[in-house]
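In: This is the structure alone, sequence omitted:
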DNA sequence: CGATGGTTCGACCGCTGGTCTGAAAGAAGG
DNA sequence: CCTTCTTTCAGACCAGCGGTCGAACCATCG
């Protein structure tokens, strides 16, 4: 996480750094991104950069966290407060579809998220993993718990395991969608199919 | 892929290089592996290494392909020739369990596979991706097709999509298993649970 | 004015993957 | 045995990487 001083920097400088970093990371991914290019674009020196961030991973984690938080802010995603099981899954599908549309509308964020998801397990990104989880995991867990209380989600397996499997399915669908030339209607269908598969898999 | 000359090298030299590379890649992953360390361990010069391999990725792809092929050789995995639907899934679960045990018995291979799976989508590993798919994809497609003919697997979605989702679920379970201190009995149970989820998700 | 302490700079470090020149080693032909 | 040609290798070298560090800058305070 960025050093506290970074918050005291002027908004223009902060944005210059974060914008340059987002450009670089979303264009090249973490591994192939270059700090030297970022500081050149941002117009700051190397010393300044490492005065505000501990490491390349630290910077990445900060940029990623901001994007994830933005996704949660732009599309306010409440935990489903459904009345019955069908409702629960319908609401979830709506949220999912909205999220996918948001990602299509902001390809830079999407690229960053994809780079993170495909490499999150690598030890170099554990910091980023932890920061991003802080935003997403509580929501995910709460959703599963609510689903379990409704009887929409099986209770014979730990929520964390169910979340892991569901995320794996979602990621698979996402990579699938990237490789496909997708029409708008197809997106809705694919999301519907995936949520249907999730529902079957996660139901007792 | 390794240059053809590599095959003409003496078995000892070949093994020295491949062993050193496997050690390095499985210990550090592709990104943090060092060609310099590999050649030092293998006792060859940099010129020799790049005389036999085009690049770091080329070497990685070759090592990975050999490990994947070994998995298919050690545990001969026939396409399920089940008589009914229950049989199909039972056989599949058996294969899956055997594969998991094989991976537990050969942690180096497991580490390499995990590194590949978590980073396969990154552009740097596309070569490795293609080589490994050549071994696994035909089997996967055939299995899905057989399952569809049996009525065990839904036919309203393209096999490639179903495979992607199933692999995503499997990978999720795998990462889940790594983080858990696992007893032998638990492995069987978890695999059973996962195959059950797959079955629900992939059934019409 | 001097001193202090938060900021910024860029030369520098060890290391990376990869290239390239030139020498050693073998093979083939005379 | 000598020459010629090709294959095999050694290692100096390159640009670029992430990261460090001492010096310089500059505002504030005494």
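Out: Sure thing, it's come through. What you are looking at is a predicted structure, and each value in this text was computed from that prediction instead of being measured.

In: Low-confidence bits of chain A, can you list those?
Out: For chain A, residues meeting the criterion pLDDT under 70 lie at A:75-77, A:120-121.

In: domain assignment for it?
Out: A:5-63, A:66-202 (automatic domain parsing).

In: Would you reformat the ones you listed as a markdown table and include mean neighbour count?
Out: Backbone N, C-alpha and C define where each C-beta goes, glycine included. Compiled in a markdown table, these are given as follows (neighbours: other C-beta atoms under 10 Å in any protein chain shown):
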| stretch | mean neighbour count |
| --- | --- |
| domain A:5-63 | 17 |
| domain A:66-202 | 17 |
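
In: out of those domains, nearest to chain B?
Out: Nearest of these to chain B, taken as C-beta to the nearest C-beta: domain A:66-202 at 3.1 Å.

In: residue ranges of the helices in chain A, please?
Out: Secondary structure of chain A (DSSP state H): helices at A:5-8, A:11-32, A:35-42, A:46-52, A:56-74, A:85-105, A:107-119, A:126-150, A:159-179, A:184-202.

In: on that earlier part again, let me have the domains of chain A in CSV, extended by distance to DNA strand D.
Out: CSV is the format used below for those (distance: least, C-beta to the nearest atom of the strand, whole Å):
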stretch, distance to DNA strand D
domain A:5-63, 3
domain A:66-202, 9
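
In: Out of these, which gets nearest to DNA strand C?
Out: Comparing the domains of chain A against DNA strand C with C-beta to the nearest atom of the strand, the closest turns out to be domain A:5-63 (2.0 Å).

In: wait, does the closest one contact DNA strand C?
Out: Yes. Applying C-beta under 7 Å from any atom of the strand, one finds domain A:5-63 touching DNA strand C at A:5, A:8-9, A:13, A:44-48, A:50-52.

In: Out of the residues you listed, which two are the most distant from each other?
Out: Greatest spatial distance among the residues of domain A:5-63 next to DNA strand C (C-beta to C-beta): A:8 and A:46, at 20.1 Å.

In: now residue A:110, nearest residue through space, not along the chain?
Out: Among residues not flanking residue A:110 along the chain, residue A:103 sits closest, at 4.1 Å (C-beta to C-beta, 6 or more residues apart in numbering or on different chains).

In: doesn't residue A:112 make contact with that neighbour?
Out: No. Residue A:103 lies out of contact with residue A:112 (C-beta atoms under 8 Å); the separation is 10.3 Å.

In: how about TSV for the domains of chain A, with distance to residue B:84 added?
Out: Formatted as TSV, the domains of chain A follow (distance: least, C-beta to C-beta, whole Å):
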stretch	distance to residue B:84
domain A:5-63	46
domain A:66-202	20
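
In: among those domains, which is nearest residue B:124?
Out: In terms of C-beta to C-beta, the element of these nearest to residue B:124 is domain A:5-63, at 6.7 Å.

In: my guess is residue A:2 contacts residue A:58, does it?
Out: Yes. Under the criterion of C-beta under 8 Å, residue A:2 makes contact with residue A:58 at 6.7 Å.

In: which residues touch residue A:187?
Out: Applying C-beta atoms under 8 Å, 6 or more residues apart in numbering or on different chains to residue A:187 gives the contacts A:97, A:100-101, A:104, A:177.

In: typed the wrong thing, it's residue A:66
Out: Residue A:66 touches residue A:18, counting by C-beta under 8 Å, 6+ apart.

In: Write out the residues of chain A neighbouring DNA strand C.
Out: Within chain A, the positions near DNA strand C by C-beta under 7 Å from any atom of the strand are A:5, A:8-9, A:13, A:44-48, A:50-52.

In: quick one on the thing from earlier: between the helices of chain A, which gets nearest to residue B:182?
Out: Proximity to residue B:182 (C-beta to C-beta) singles out helix A:159-179 among the helices of chain A, at 12.4 Å.

In: Wondering if the closest one reaches chain B at all.
Out: Yes. Helix A:159-179 is in contact with chain B by C-beta under 8 Å from any C-beta of the partner chain, via A:160-161, A:164-165, A:167-173, A:175-176.

In: That helix versus helix A:126-150: what angle between them?
Out: Calculated by axes from the mean of the first three to the mean of the last three C-alpha atoms, to 10 degrees, helix A:159-179 forms an angle of 110 degrees with helix A:126-150.

In: Report all helices and strands that helix A:159-179 contacts.
Out: Helices and strands touching helix A:159-179, as assessed by 3 or more C-beta pairs under 8 Å, 6 or more residues apart in numbering or on different chains; DSSP states H and E, comprise helix A:107-119, helix A:126-150, helix A:184-202, helix B:159-179, helix B:184-202.

In: These: which one's closest to residue A:88?
Out: Taking C-beta to C-beta, helix A:126-150 is the member of the helices and strands packed on helix A:159-179 nearest to residue A:88, at 5.4 Å.

In: wait, does the closest one contact chain B?
Out: No. No part of helix A:126-150 sits close enough to chain B to count as contact by C-beta under 8 Å from any C-beta; the gap is at least 11.2 Å.

In: could you say what helices and strands that helix packs with?
Out: Identification of packing neighbours for helix A:126-150 by 3+ C-beta pairs under 8 Å, 6+ apart yields helix A:56-74, helix A:85-105, helix A:159-179.

In: Outside of stretch A:150-170 itself, which residues are in contact with it?
Out: A:82, A:84-85, A:88-89, A:96, A:137, A:140-141, A:144-145, A:147-148, A:194, A:197-199, A:201-204, B:165, B:168-173, B:175-176, B:193-194, B:197, B:201.

In: related to what we said a few turns ago, can I get the helices and strands packed on helix A:159-179 in CSV with distance to residue A:73?
Out: Formatted as CSV, these follow (distance: least, C-beta to C-beta, whole Å):
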stretch, distance to residue A:73
helix A:107-119, 12
helix A:126-150, 10
helix A:184-202, 22
helix B:159-179, 27
helix B:184-202, 32
